[in-house]
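Visitor: Curious how this folds, go ahead:
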Amino acid sequence: EDDEDDEVEDEEEDFFKEDGDDDEEEAADLFDDDDEDEDIDDEMVTTEKLGDDFIGMDDEDDEMDSFELEAEELDREQEEDDRLAEEEMITNMEQTAKFVLPSGQEIEKVGTVAEDLALVQLRIKENINTLQNFAKMRDPERSRTEYMSLLIKDLATYYGYNECMMARFVELFTLADVSDALEANEVPRPVTIRTNTLRTRRRDLMQALRDRGVSLEPVGNWSKTGLVVFESQVPIGATPEYLAGHYIIQSASSYLPVMALAPQPNERVLDMAAAPGGKTTYVSALMKNTGIVFANDFNKARTKSLIANIYRLGVTNTIVCNYDGRSFPKVVGGFDRVLLDAPCSGSGVIAKDPAAKTNKSEEDFHRCSHLQKELILAAIDSVDAKSKTGGYIVYSTCSIMVDENEDVVNYALQKRHVKLVETGIPFGVKGFKNYKGKRYHDSLVLARRFYPHKHNMDGFFVAKFKKLSNEIPKSSDEEEEKEKKKIAGKRSNATNGAPTNKKAKNSAALDIVENEDEVDKAEEDIFNSQLSRKEKKKLKKVALQNLDGMLHADDEDQKKKKEPTHKQKKNEGKRNKPATAEPTKNSAKNKKQLKKQKQPLVKTPPVVNEAVVNQEEKTEDVKPLKRKTAEKVVAEKVVTKVEVKKPVSKKPAKKGKKQPQAQPQEEPNPKLQQKKKSSTKAKKSVAAKVENPSTTTSSGSKKEAKEIKSKKKVVSSKTEMNQKMAKWKKMLKSNSHLFK
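Guide: Here you go, the predicted model:
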């Protein structure tokens with residue numbers, strides 16, 4: 001090979017010599033064809049210099065053909081050598097291109113043990129090449145997830161991210177763009193300033209700053225106020241122009257939400273997260289200090305910088321307030337336009353805040369997404385859809401994560417009558433319609449994404465809504481809450497005496513408890529409702545009061561029923577007159593006997609109440625009545641007055657054991673009983689009263705029979721109610737710690 005190289009060099013030297021001879025021949029021909037005006041001395045000089053070169057020209061012409069042939073052969077040989085060299089390089093790459101994946105233990109050690117960053121970078125490149133051509137270059141015994149897990153760990157080690165953040169970047173970008181996006185986050189963005197059109201013009205500002213030694217140019221054709229500062233001999237934030245309010249230091253990406261909002265003069269505009277004031281003052285400048293701008297910020301400490309910038313830039317149409325953005329529709333509403341630059345994770349401004357590489361976790365992303373969904377609904381509710389010039393909402397974040405952007409916008413489209421419209425920004429990447437198996441609304445392509453490695457500005461997201469109606473659509477959750485409120489209303493009416501009728505009270509109380517589905521809903525209302533602590537405490541108190549009230553509601557109603565009215569007492573007195581005539585004639589001995597016989601008779605329960613007592617013994621939760629019922633009082637009076645004659649009192653007792661007491665017997669004709677005035681028949685009627693008071697002929701006895709019938713129904717339903725209510729009450733008391 002060395003000999004061949006020497007021969008090639010010799011041939012090249014000969015070729016260049018001959019080429020030089022050809023050039024001299026051409027120069028000689030030119031001198032031969034010169035004009036007559038040229039001096040003879042000059043011709044002599046040129047012929048003397050070139051004379052030697054012209055010797056033997058004819059011989060060289062003969063040799064040119066052979067030389068050309070040799071040159072062609074050399075060219076062919078060179079092409080063949082190049083082809084062979086390329087083939088050798090391809091074979092060598094095929095042998096070494098297969099990336100050898102480390103073992104599982106070695107992969108676990110990645111990130112924990114200090115490694116050479118050059119080796120890590122080389123491994124990242126080889127791994128990305130393998131993943132891009134995975135079918136040919138993969139190891140058949142290893143899966144793609146193993147390659148991806150190693151890539152995430154290597155990237156996190158090389159660029160200084162935690163694995164959570166790096167996994168999100170790898171999912172968001174393609175393998176070809178991941179390294180570019182991460183490298184862009186390592187480079188600071190150029191310094192940009194915005195001209196305050198309330199005080200000066202951009203052309204005048206550029207001239208003034210150039211006179212002070214500042215090198216700057218317009219930020220682009222898409223902005224009429226932005227300037228990029230390349231170099232400055234003076235601090236850009238301490239010039240007289242800055243102190244006079246002619247410009248503000250503001251990143252180029254923060255121009256975009258205000259440009260999308262496009263506020264018009266004499267409108268009412270709300271900036272829900274205004275501090276430090278760059279966007280607010282831009283809105284006021286576009287409105288030419290007309291209309292009203294509400295600059296709100298939740299952090300009171302940040303309002304100081306907001307107020308300072310408002311004063312410095314000469315803004316006079318702004319009201320600064322300090323509220324939670326979620327409560328703003330209740331405070332002030334009816335705006336023409338709302339700008340929501342929502343608080344976010346800051347994944348798009350890592351170049352400014354490198355701490356975001358390591359201090360973000362999945363919980364932070366979920367928490368930010370939940371807050372952003374609440375804020376965007378509040379922003380939409382604050383806008384008046386009937387506005388003649390507005391009705392627009394702009395949502396923006398300095399994050400590039402889908403959880404904080406497309407997810408939130410899609411949620412707003414589902415919960416409110418809004419639609420997405422064009423942002424008016426002439427550049428940017430379209431929003432995602434599909435991401436990781438999730439499908440979003442088709443109109444999300446109208447949203448815009450901005451990346452550091454593509455647009456040379458901070459990562460940003462902008463979406464613009466148009467509100468269609470002020471009505472809030474009813475969701476399934478709200479309907480469930482209304483049903484729960486209805487159940488609570490029924491319960492409060494049953495205990496607070498809203499139904500005036502006694503039967504209505506009992507039926508309302510029974511309707512609440514008999515339906516087990518409603519009881520389950522009431523339990524879910526108490527334990528699973530997203531209410532405040534005060535509301536839960538109130539709900540707990542009301543529930544416990546309602547339970548106690550329902551347990552004693554039937555007892556009080558029955559007491560009122562069992563207490564005889566004034567008319568019933570008069571009727572009882574009339575019925576008992578013939579039976580009380582005979583004992584009054586007896587002597588003191590009979591009275592003593594009556595007193596002795598009263599005690600055992602009172603202890604034995606009357607026959608009428610056996611069915612009630614038997615049913616009450618079956619139910620453990622029913623409390624004994626404190627007051628005597630009307631039937632018991634009548635029965636005791638009759639027994640004490642008839643017991644003078646023993647044979648009369650024994651017979652009914654025997655019959656009473658055999659006869660069922662639950663169903664009343666047929667009532668005899670009252671006219672026939674009035675005709676029979678003999679004492680024997682009166683005694684039999686009294687005995688019949690003791691045996692079964694429901695067979696008495698008076699109107700009071702009929703009412704008593706009806707009360708017995710109704711009592712059975714009340715007791716049977718009451719037992720079921722008390723059993724369910726007792727269980728529910730125990731459950732509430734056992735789970736009372738959930739309300740603390």
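Visitor: Point out where the protein drops to low pLDDT.
Guide: Within the chain, the set of residues satisfying pLDDT under 70 comprises 1-67, 87-99, 103-114, 475-534, 536, 543, 546-706, 709-717, 735-740.
Visitor: Give me the distance between the closest residue to residue 471 other than its chain neighbours and residue 190.
Guide: Of all residues not flanking residue 471 in the chain, residue 417 sits nearest, at 6.5 Å (Cβ to Cβ, 6 or more residues apart in numbering). In this view, the C-beta of every residue, glycine as well, is placed from N, C-alpha and C. Residue 417 is 41 Å from residue 190, where distance means Cβ to Cβ, to the nearest Å.
Visitor: cool, residue 286 as well?
Guide: According to Cβ to Cβ, residue 286 stands 24 Å off from residue 190.
Visitor: swap in residue 725?
Guide: On the measure of Cβ to Cβ, residue 725 and residue 190 end up 73 Å apart.
Visitor: So which of the two has more stuff around it?
Guide: A side-by-side neighbour count of residue 725 and residue 190, using other Cβ atoms under 10 Å, places residue 725 first with 21 against 13.
Visitor: Helix, strand or coil: sort out the more buried one for me.
Guide: Classification of residue 725 using DSSP: H, G, I helix; E, B strand; the rest coil returns helix.
Visitor: got the contact list for residue 68?
Guide: Applying Cβ atoms under 8 Å, 6 or more residues apart in numbering to residue 68 gives no contacts.
Visitor: And it, how far from residue 78?
Guide: Taken as Cβ to Cβ, the span from residue 68 to residue 78 is 15 Å.
Visitor: got it, and residue 203?
Guide: Separation of residue 203 from residue 78 (Cβ to Cβ) stands at 60 Å.
Visitor: Name the nearest residue to residue 196, ignoring sequence neighbours.
Guide: Spatial nearest neighbour of residue 196, excluding adjacent residues (Cβ to Cβ, 6+ apart): residue 313 at 5.0 Å.
Visitor: what about the one you found, distance to residue 241?
Guide: Counting by Cβ to Cβ, the gap from residue 313 to residue 241 is 12 Å.
Visitor: who's more crowded, the two?
Guide: Neighbours per residue (other Cβ under 10 Å) separate residue 313 from residue 241, with residue 313 holding more: 23 against 20.
Visitor: isn't that one right up against residue 194?
Guide: No. Shown here, residue 313 and residue 194 do not form a contact pair, counting by Cβ atoms under 8 Å, at 9.9 Å.
Visitor: which residues do those two both contact?
Guide: In contact with both residue 313 and residue 194: residue 248, using Cβ under 8 Å, 6+ apart.
Visitor: What helix or strand is the closest residue to residue 190 other than its chain neighbours located in?
Guide: Distance criterion Cβ to Cβ, 6+ apart; nearest residue to residue 190, sequence neighbours excluded, is residue 228 at 5.3 Å. Using DSSP states H and E, residue 228 falls within strand 226-232.
Visitor: name the helices or strands packed onto that strand?
Guide: Using 3 or more Cβ pairs under 8 Å, 6 or more residues apart in numbering; DSSP states H and E as the contact test, the elements touching strand 226-232 are strand 191-195, helix 202-211, strand 214-218.
Visitor: any idea of the angle the first one forms with strand 226-232?
Guide: Calculated by axes from the mean of the first three to the mean of the last three Cα atoms, to 10 degrees, strand 191-195 forms an angle of 130 degrees with strand 226-232.
Visitor: got the CA coordinates for strand 191-195 in CSV?
Guide: Backbone C-alpha positions of strand 191-195 (Å, rounded to 0.1, in the frame of the first residue of the first chain) are rendered in CSV as follows:
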residue,chain,number,x,y,z
VAL,A,191,-33.3,38.7,27.6
THR,A,192,-36.4,40.5,26.2
ILE,A,193,-38.1,43.7,27.0
ARG,A,194,-41.6,45.1,26.1
THR,A,195,-42.1,48.7,25.1
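Visitor: Compute the inter-axis angle for it and helix 202-211.
Guide: When the same axes, to 10 degrees is applied, the directions of strand 191-195 and helix 202-211 differ by 130 degrees.
Visitor: which residues are in contact with strand 191-195?
Guide: With contact meaning Cβ under 8 Å, 6+ apart, strand 191-195 is reached by 201-202, 205, 216, 219, 225-229, 236, 246-252, 255, 278, 282.
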